[in-house]
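Participant: no sequence on this one, just coordinates:
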DNA sequence: ATTTGTATTTCACTTATTGAAACTCCATTT
DNA sequence: AAATGGAGTTTCAATAAGTGAAATACAAAT
């Protein structure tokens, strides 16, 4: 197995990431971000362009192409977890008025929000599908790494983001932890004892997302 | 300039497309789809895997990774056209009860639905964001290639999809055509004279999406 | 036990990728 | 106006990096 990895492809994907994150980049910026020489970056960006993954705007800047939108939408809709979790998200928002999220582990120490329901309070936590979140020091991270205490939920006050408290619980698929369900609250609005109450709701909803099957996990997430 | 394109990258992107379209594929299938030898496909898929663009399920199959979801969501949300068109889509659905779409040209003779509003009739056209549509023989295609007659809209009955009639009009950004706005109706439900009425509405809404500026197009779409 | 199909590894061949340098534009500065 | 600096682009020789056939390993089907 080893490090079988294709350099030019790795680099191209790095560039693609840089372009998507920045929204619009010049060749020089993209090259710097990805640590490549301008000529190499140009060549790779052209390849990305000819395949629709990247496009150029009037001014010559690079931005995400439609292929990215297309594949992303397809991939998201094939995540049945998202549809399974919709009821739970809605109920949590209804119950608490706070924003609720479904997240899964992504790569290198991060997770992603796969589904989002915004809260109803006018001051509320706001994020978006696709948002990348660190696993270290977050409630979602604790849950996804299996560090959920016996209470069934994790509360992290003022973790990565200041002034917000996150309450998360694991969505289990057979043996594995497939995802985390969480509610995020402006810290000023919540007392210790309240977080416990919400925690129990989150834990209950999370537990109910996947049918309790004694069968093999197997097809796991998705 | 010429064909400056990096083969391994092209191939990797082909594989990524194959994986995303099929939902879940074995190595052999993916390799066949992309016309690659198994060993090459394996190497490239591993690279895609290590960067989060592809992941493997329990059975060893390949499926779209979270990076795809993430970048896709980001890209879609940075398309300001989508939010600008929301009102128009809503009004068209309200007026006609039929499904309404915003589409833009993608690559090689195809377009993509960037935004969708489902109609309210129980028998209605249904599609999804990211859906790829041919430009040949479709109302959207005619509009995007600038073939809109002076009436301001295009009607295509039973074009690519049988039994449906599409009515489309161009969204202009300065000089360019940035997108197409369309309504898609089951053909049995619409008479000639009705399509003209809807056409005028579509054309009016499409024209109003972007502020009429005499300034340079420039930043165009997005 | 044999066959068939897929996944994976190895390896010699060489093709395809690479980056420095050169050149062109264009906007700013002197 | 000339000079400067920065971005985008092209060229090209060096070789690092990617390729696919074949070998091996595994598993399921006959």
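Facilitator: Right, received. Where do you want to start? Here the structure is a predicted model, which is why all the values come from computation and not from measurement.
Participant: packing partners for the lowest-mean-pLDDT helix or strand in chain A?
Facilitator: When each helix and strand of chain A is scored by mean pLDDT, DSSP states H and E, helix A:66-77 comes last, with a mean of 84. Judged by 3 or more CB pairs under 8 Å, 6 or more residues apart in numbering or on different chains; DSSP states H and E, the packing partners of helix A:66-77 are helix B:7-22, strand B:62-64, helix B:66-77, strand B:110-117. Placement of C-beta: from N, CA and C, glycine included.
Participant: now tabulate these in JSON lines and tack on mean neighbour count.
Facilitator: Below are the helices and strands packed on helix A:66-77 laid out as JSON lines (neighbours: other CB atoms under 10 Å in any protein chain shown):
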{"stretch": "helix B:7-22", "mean neighbour count": "22"}
{"stretch": "strand B:62-64", "mean neighbour count": "24"}
{"stretch": "helix B:66-77", "mean neighbour count": "25"}
{"stretch": "strand B:110-117", "mean neighbour count": "22"}
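Participant: what's the closest of the ones you listed to DNA strand C?
Facilitator: For DNA strand C, the closest of the helices and strands packed on helix A:66-77 is helix B:7-22, at 3.4 Å, according to CB to the nearest atom of the strand.
Participant: what's the first helix or strand after that closest one?
Facilitator: As assigned by DSSP states H and E, the chain's next helix or strand after helix B:7-22 is strand B:24-25.
Participant: how close does the residue lying farthest from the centre of chain A get to DNA strand D?
Facilitator: Largest separation from the mean C-alpha position in chain A: residue A:39, at 33.1 Å (CA atoms, centre = their mean). Residue A:39 sits 3 Å away from DNA strand D, taking CB to the nearest atom of the strand, to the nearest Å as the criterion.
Participant: then residue A:46?
Facilitator: 8 Å.
Participant: likewise for residue A:21?
Facilitator: 17 Å.
Participant: what domains does the record give for chain A?
Facilitator: According to automatic domain parsing, chain A comprises the domains A:7-72, A:79-209.
Participant: for those domains, which one sits closest to DNA strand C?
Facilitator: With CB to the nearest atom of the strand as the measure, domain A:7-72 is the member of those nearest DNA strand C (3.4 Å).
Participant: what's the first-to-last distance across that closest one?
Facilitator: End-to-end distance of domain A:7-72 (CA to CA, to the nearest Å): 24 Å.
Participant: stretch A:68-87 too?
Facilitator: 28 Å.
Participant: tell me how many other residues crowd the closest residue to residue A:18 other than its chain neighbours.
Facilitator: Sequence neighbours aside, residue A:33 is the residue nearest to residue A:18 in space, at 4.0 Å (criterion: CB to CB, 6 or more residues apart in numbering or on different chains). For residue A:33, the count of nearby residues is 17 (other CB atoms under 10 Å in any protein chain shown).
Participant: looking at the helices and strands packed on helix A:66-77, which is nearest to residue A:200?
Facilitator: Closest to residue A:200 of the helices and strands packed on helix A:66-77, according to CB to CB: helix B:66-77, at 28.9 Å.
Participant: after that closest one comes which helix or strand?
Facilitator: helix B:80-96.
Participant: returning to that earlier point: can you put the helices and strands packed on helix A:66-77 in JSON lines and add distance to residue B:137?
Facilitator: Formatted as JSON lines, these follow (distance: least, CB to CB, whole Å):
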{"stretch": "helix B:7-22", "distance to residue B:137": "22"}
{"stretch": "strand B:62-64", "distance to residue B:137": "30"}
{"stretch": "helix B:66-77", "distance to residue B:137": "27"}
{"stretch": "strand B:110-117", "distance to residue B:137": "12"}
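Participant: out of the ones you listed, which gets nearest to residue B:205?
Facilitator: It's strand B:110-117; of the helices and strands packed on helix A:66-77, that one is closest to residue B:205 (CB to CB) at 11.7 Å.
Participant: that closest one relative to helix B:66-77, how many degrees between them?
Facilitator: 70 degrees (axes from the mean of the first three to the mean of the last three CA atoms, to 10 degrees).
Participant: look up the closest residue to the residue nearest to the spatial centre of chain A, ignoring the ones flanking it.
Facilitator: Centroid-nearest residue in chain A, with CA atoms, centre = their mean: residue A:112, separated by 1.1 Å. Among residues not flanking residue A:112 along the chain, residue A:106 sits closest, at 4.6 Å (CB to CB, 6+ apart).
Participant: show me what contacts that neighbour?
Facilitator: Contact partners of residue A:106, counting by CB atoms under 8 Å, 6 or more residues apart in numbering or on different chains, are A:112, A:132, B:52, B:66-67, B:70.
Participant: out of those residues, who's nearest residue B:17?
Facilitator: Residue B:17 lies nearest to residue B:67 out of the contacts of residue A:106, by CB to CB, at 14.4 Å.
Participant: quick revisit: what about the residue nearest to residue A:18, which helix or strand?
Facilitator: Secondary structure assigned from DSSP H and E places residue A:33 in helix A:27-34.
Participant: quick check, residue A:28 in contact with residue A:37.
Facilitator: No - the pair residue A:28 / residue A:37 is not scored as a contact, 10.8 Å apart, by CB atoms under 8 Å.
Participant: mutual contacts of these two, please.
Facilitator: Listed as contacting both residue A:28 and residue A:37 by CB under 8 Å, 6+ apart is no residue at all.
Participant: low-confidence ranges in chain A?
Facilitator: Along chain A, the model assigns pLDDT under 70 to residues A:1-3, A:174-175, A:211-222.
Participant: try 80 this time
Facilitator: Applying pLDDT under 80 to chain A flags residues A:1-4, A:58, A:76-80, A:107-108, A:173-176, A:210-222.
Participant: pick out the residue of it closest to chain B.
Facilitator: Scanning chain A for the residue nearest chain B gives residue A:72, at 1.1 Å (criterion: CB to the nearest CB).
Participant: list the contacts for that residue?
Facilitator: A:130, B:68-73, B:75-76, B:130.
Participant: closest one to residue B:198 among the domains of chain A?
Facilitator: Residue B:198 sits nearest to domain A:7-72 of all those, at 26.8 Å, using CB to CB.
Participant: is that closest one positioned near DNA strand C?
Facilitator: Yes - Domain A:7-72 is in contact with DNA strand C by CB under 7 Å from any atom of the strand, via A:7-8, A:11, A:36-40, A:43-44.
Participant: from the middle of its chain, how far away would stretch A:25-41 be?
Facilitator: For stretch A:25-41, the separation from the chain centroid amounts to 26 Å (computed by CA atoms, centre = their mean, to the nearest Å).
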